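Participant: sequence and predicted model, in that order:
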Amino acid sequence: MRFLWRTASPALLRDVTLVCLADGIVGVSFGATSVAGGLAWWVPVALSVLVFAGGSQIAAVGVVLTGGSPVAAVVAGAVLNTRLFPYGLAVADVVAGPWWRRLLGTHLITDESVAFAMRHAAPERRRASFWACGVALFLVWNATVLLGVALGSTVRNTNAFGLDATFPAVMLALALPTLTSRSTRVAAGTGAVIAVALTPVLPAGLPLLAALGGLGVRWNGWRGRRSAARPEAPQDSGSAVNQEELSAGGKR
Amino acid sequence: MMPMTAIVALAAVTYAFRLAGPLLRGRVTVPAAAERVFTDAATVLLIALAATSALTAGHGFAGWARPAGVLVAGVLVARRAPFPLVVVAAAGVTALLRLAGVS
């Protein structure tokens, strides 16, 4: 991939290094927590190579470590990864090329690599940013997960290092910036309450899927507001979301 | 337990989601409403997972040390702290509390 190095600027390399550093810490934590929780060493390794989507890997392992079924783990991971579909539409131009490059590039579509591509408009720079981030991240992610597996196998009590707190922290870091609209915040808050409340009584994994019921609150609210959404709509408690729905509708 | 078949299934579904975009580009447009449902579903799952994995272990309460570390992480995220700092702070606060005898 010589085209990469021709177009890679020092700023790009610095940003890629920072992202790899951040994800590397999570990779170590993911590998260590997985094996410390009792999973075979190849589970986090195979997930990292084949799935290569950190959030869904952590979610899937989180479900099975709390006693949930593999099916619940796959469903939770798959729902989280639906966002890769719109991502793919956004970077389709970047992964175009010979078939092998298209297959490889497709696997490298992540939150980070797409964000890097979207920062630029020029095709050459979009391409360089995407591939630099994607390739570096794939190598660093898998290497650090292996390192974590080695650590988790030697250090028995990973809880003493607080590693169990890193999973929820990563989830928050991914989710909090997306809580931009009130309807999303209501749906997420409702979902969290549902999941925590059902944890003592339902088999592990199911409370998480039940949390999707929080979306129902959002949809009902949405439908109700939509029928009332007129430009001269009176200022009520839902007006902030009203404006947002209107502008979102206008873009279509 | 996480059998290889489950890993391969998740990998296949994930690759299909990734591939659909480049394959369908120019032929379909995702309605904005559908895209919002996708992103909202992911957000709801992430927050629910954050809440359950911060607060619960098995069917019970996880103890105070872990949620305290996660709370500090949440405050740092809200204040736009760099990601590595967020992760290290979560582990550090939890580890220190346990060292101090808080379970």
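Facilitator: Cool, the structure landed. Numbers count the residues shown, from 1 in each chain, chains lettered A, B, ... in the order given.
Participant: for A:G67, grab phi and psi.
Facilitator: Main-chain torsions, A:G67, degrees, to the nearest 10: phi 100, psi 0.
Participant: correct me, but it touches B:A57?
Facilitator: No: applying Cβ atoms under 8 Å, one finds A:G67 not in contact with B:A57, separated by 10.2 Å. Any C-beta I mention is one placed from the backbone N, CA and C, and that applies to glycine too.
Participant: the residue sitting nearest the centre point of chain B - nearest residue in space that isn't next to it in sequence?
Facilitator: By Cα atoms, centre = their mean, chain B has its centre lying nearest to B:L46, at 4.4 Å. Excluding the flanking residues, the one nearest B:L46 by Cβ to Cβ, 6 or more residues apart in numbering or on different chains is A:A175, at 3.7 Å.
Participant: quick one on the thing from earlier: look at A:G67 and B:A57 and report which has more neighbours.
Facilitator: Using other Cβ atoms under 10 Å in any protein chain shown, the more surrounded residue of A:G67 and B:A57 is B:A57, with 16 against 13.
Participant: check the burial of residue 55 by counting its neighbours.
Facilitator: Since you didn't name a chain, this refers to chain A. Using other Cβ under 10 Å: A:G55 sits among 22 other residues.
Participant: try again with chain B
Facilitator: B:L55 has 19 nearby residues by other Cβ under 10 Å.
Participant: one more: B:L24?
Facilitator: Residues near B:L24, counting by other Cβ under 10 Å: 15.
Participant: contact partners for it?
Facilitator: A:L89 (Cβ atoms under 8 Å, 6 or more residues apart in numbering or on different chains).
Participant: confidence score at it?
Facilitator: pLDDT, B:L24: 87.
Participant: which SSE is the residue nearest to B:L46 in?
Facilitator: For A:A175, the host element (DSSP states H and E) is helix A:166-175.
Participant: contacts (any at all) between chain B and stretch A:145-163?
Facilitator: Yes: contact of stretch A:145-163 with chain B (Cβ under 8 Å from any Cβ of the partner chain) involves A:159-163.
Participant: before we move on, back to that, tell me which other helices or strands the helix holding A:A175 touches.
Facilitator: Packed against helix A:166-175, as judged by 3 or more Cβ pairs under 8 Å, 6 or more residues apart in numbering or on different chains; DSSP states H and E, are the following elements: helix A:10-36, helix A:54-65, helix B:32-55, helix B:65-78, helix B:83-99.
Participant: quick one, it and helix B:83-99 angle?
Facilitator: Relative orientation of helix A:166-175 versus helix B:83-99 (axes from the mean of the first three to the mean of the last three Cα atoms, to 10 degrees): 150 degrees.
Participant: would you check that the residue nearest to the centre of chain B makes contact with A:R83?
Facilitator: No: with contact defined as Cβ under 8 Å, B:L46 does not reach A:R83; the gap is 10.4 Å.
Participant: does A:H120 fall in a helix, a strand, or a coil region?
Facilitator: coil (DSSP: H, G, I helix; E, B strand; the rest coil).
Participant: what sits against it?
Facilitator: A:126, A:129.
Participant: and the pLDDT for the residue nearest to A:I109 when sequence neighbours are not counted?
Facilitator: Nearest residue to A:I109, sequence neighbours excluded (Cβ to Cβ, 6+ apart): B:R18, at 4.7 Å. You'll see B:R18 listed with a pLDDT of 96.
Participant: give me the element B:R18 is part of.
Facilitator: In the assignment (DSSP H and E), B:R18 maps to helix B:4-24.
Participant: any idea how far that helix is from the chain center?
Facilitator: Between the centre of helix B:4-24 and the centre of its chain there are 19 Å (Cα atoms, centre = their mean, to the nearest Å).
Participant: what's the angle between the helix holding A:A175 and helix A:10-36?
Facilitator: Using the same axes, to 10 degrees, helix A:166-175 lies at 140 degrees relative to helix A:10-36.
Participant: show the average pLDDT along the following helix or strand past helix A:166-175.
Facilitator: Following helix A:166-175 in sequence order, the next helix or strand is helix A:182-198 (DSSP H and E). The average pLDDT within helix A:182-198 is 94.
Participant: and the contacts of helix A:182-198?
Facilitator: Counting by Cβ under 8 Å, 6+ apart, A:175, A:178-179, A:206-208, A:210-215, A:217-218, A:221-222, A:238, A:240-241, B:40, B:43-45, B:47-52, B:55-56 sit against helix A:182-198.
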